[in-house]
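Novice: A predicted structure for the sequence below; I have some questions about it.
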Amino acid sequence: IVEDEGIIARDIQRQLMDLGYDPVDIAVDGGEAVAAARDMRPDLVLMDINLAGDTDGITAATAIRHELHIPCVFLTAYATNDVVERAKQADPSGYIIKPFDAQILRTTIEIALNKDRLDRQLRKSEAGFAEAQRIAHIGSWEQDLVTGEGAWSDESYAIMEAVPRGTPITFAVFISAIHPDDRPLIDVMFQRSVRERITVEVEFRVPMPGGAVKFVRGRCRTYFDDAGRPVRAAGTLQDVTNLHKAEELLRLQGAALNSS
């Protein structure tokens, strides 16, 4: 509980205990709240927005949410538009207007805790998916064909090394990272995906800093709206450089055996 009015803080503490929760601490300012959250790692923080001191509730909740991934529910007597807009920065899990009754408090807490459980499961799933991509050297990508905006997974950035991680992805950015001689292959791949409405595959080269070259296998499928217009493309990128090296080694060994 983060509340600088002692009477209100104790009343909230009593309500929580009556509802079966365990209020582990009461903080009176933002700095104390952040320190307590780091130390105790509570399941949830109830945060007053207007606090005495240099750090208000929004600033404290932002630090707690982004650094520790602990859900925060705001408690406030003020719900003006500017306050709500600032509060969004902290990605709050709930917002309760004072005064409130026990049922509102319980409902808001349970919704916030359930949302946090789902968020944690999603982060775990995403982390596992990213690790699987890293191990297999397979990245995923998608492209909005209406807006031109695209997205790559972390492994796609790793495969296409010449494109700095976090670079906004467009078709032009993708093409610029491919060997100039192989760029027409990409256009053929996309056109076939649209024309035949199938998943298509092509291999191309990606120049690396220092002069080395990667071999990448790209897969693409195009998706259409109800009117039959292509609206989205998605697929995978796989680093097959080691496979090419192994095939070349086998070819050389075969050639050596045939010559002997």
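Specialist: Happy to help now that I have it.

Novice: so, low pLDDT: which residues of this structure?
Specialist: For the chain, applying pLDDT under 70 flags the ranges 78-80, 122-136, 247-248, 252-260.

Novice: where do the helices sit along it?
Specialist: 6-18, 30-40, 57-68, 81-87, 102-136, 154-159, 171-176, 183-196, 241-259 (DSSP state H).

Novice: so what's Gln143 up against?
Specialist: Applying CB atoms under 8 Å, 6 or more residues apart in numbering, we find Gln143 in contact with Glu149, Gly150, Ile169, Phe171, Arg232, Ala233, Ala234. All C-beta atoms are positioned from the backbone trio N, CA, C, and that covers glycine.

Novice: ok, now how distant is the second one from Ala60?
Specialist: So the one you mean is Gly150. To Ala60, Gly150 is 36 Å away according to CB to CB, to the nearest Å.

Novice: who has more neighbours out of these two?
Specialist: Neighbour comparison, Gly150 and Ala60: the larger count goes to Ala60, with 28 against 20 (by other CB atoms under 10 Å).

Novice: can you name the residues that contact the nearest residue in space to the more buried one that is not next to it in sequence?
Specialist: With CB to CB, 6 or more residues apart in numbering as the criterion, Ala60 has its nearest non-adjacent residue at 3.4 Å, and that residue is Gly30. By CB under 8 Å, 6+ apart, the contact set of Gly30 is Val2, Leu51, Gly53, Asp54, Thr55, Asp56, Gly57, Thr59, Ala60.

Novice: touching, Val28 and Thr55? I think so.
Specialist: No: the pair Val28 / Thr55 is not scored as a contact, 11.3 Å apart, by CB atoms under 8 Å.

Novice: measure Thr55 to Pro92 for me?
Specialist: Counting by CB to CB, the gap from Thr55 to Pro92 is 16 Å.

Novice: more crowded one of those two?
Specialist: Pro92 (22 against 16).

Novice: look through the protein and tell me its longest strand.
Specialist: Identified as the longest strand of the chain according to DSSP state E is strand 213-224.

Novice: just checking, Glu3 touches Leu75?
Specialist: Yes: using CB under 8 Å, Glu3 is in contact with Leu75, at 7.0 Å.

Novice: what do those two both touch?
Specialist: Ile12, Leu46, Asp48.

Novice: which among those residues gets closest to Ile96?
Specialist: Leu46 (8.1 Å; CB to CB).

Novice: what sits against Gly94?
Specialist: Contacts of Gly94 by CB under 8 Å, 6+ apart are Pro71, Val73, Phe74, Thr108, Ile109, Ile111, Ala112.

Novice: and Val206, by the same measure?
Specialist: Ile159, Met160, Glu161, Ala162, Ala177, Ile178, His179, Val213, Lys214, Phe215, Val216 are the contacts of Val206 under CB under 8 Å, 6+ apart.

Novice: for the fourth one, which non-adjacent residue is spatially closest?
Specialist: Put plainly, it is Ala162. Ala177 (4.8 Å).

Novice: could you measure from the one you found over to Val213?
Specialist: In terms of CB to CB, Ala177 sits 12 Å off from Val213.

Novice: more neighbours, the two?
Specialist: More crowded of Ala177 and Val213, by other CB under 10 Å: Ala177, with 17 against 12.

Novice: so the more buried one touches Val163, yeah?
Specialist: Yes: counting by CB under 8 Å, Val163 is a contact partner of Ala177 at 5.1 Å.

Novice: check contacts around Arg251.
Specialist: Per CB under 8 Å, 6+ apart, neighbours of Arg251: none.

Novice: may I see the buried residues of stretch 34-50?
Specialist: Across stretch 34-50, burial judged by 16 or more other CB atoms under 10 Å covers Val34, Ala36, Ala37, Pro42, Leu44, Val45, Leu46, Met47, Asp48, Ile49.
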